[in-house]
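Visitor: need a 3D model of the sequence below.
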Amino acid sequence: MENEIIELSEGFSVSKNIYECFRQMVVASLPEISPGNAYTLKNILGRDIWSELDNGERRLIGRCVAHMTTRKILPLIIIESKHEYPIRYQLK
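Guide: Below is the predicted model:
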């Protein structure tokens, strides 16, 4: 199905193509991060990529990466922190 939709959370959804594009962006950035350290998505992707995204795209990729992490699609875990956002991730 070409226009497949992935249900994220709280009524948000995204096309499978965009979801996969975001997944590939994160996977390509993973070799640059160190195990044992906590990173925001901005740190994982790098300032160059992050600055190309507008606020809506940043929120969408954030929801997608959180979804991928909780579904074990990415080799990341969510780290508890003092504040809910930004979410901090760590390599498994």
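
Visitor: the protein: strands as residue ranges?
Guide: For the chain, applying DSSP state E gives strands covering 5-7, 13-15, 39-40, 76-79, 88-91.

Visitor: centroid-nearest residue for this protein?
Guide: Geometric centre of the chain, nearest residue: V65, 2.4 Å, by Cα atoms, centre = their mean.

Visitor: quick one: which of the strands of the chain is nearest L30?
Guide: Across the strands of the chain, L30 has its closest neighbour in strand 88-91 (7.1 Å, Cβ to Cβ). Every residue, glycine included, has its C-beta placed from N, CA and C.

Visitor: and C64, how many neighbours?
Guide: Neighbours of C64 under the rule other Cβ atoms under 10 Å: 25.

Visitor: to clarify, my last question referred to V26.
Guide: There are 22 residues near V26, going by other Cβ under 10 Å.
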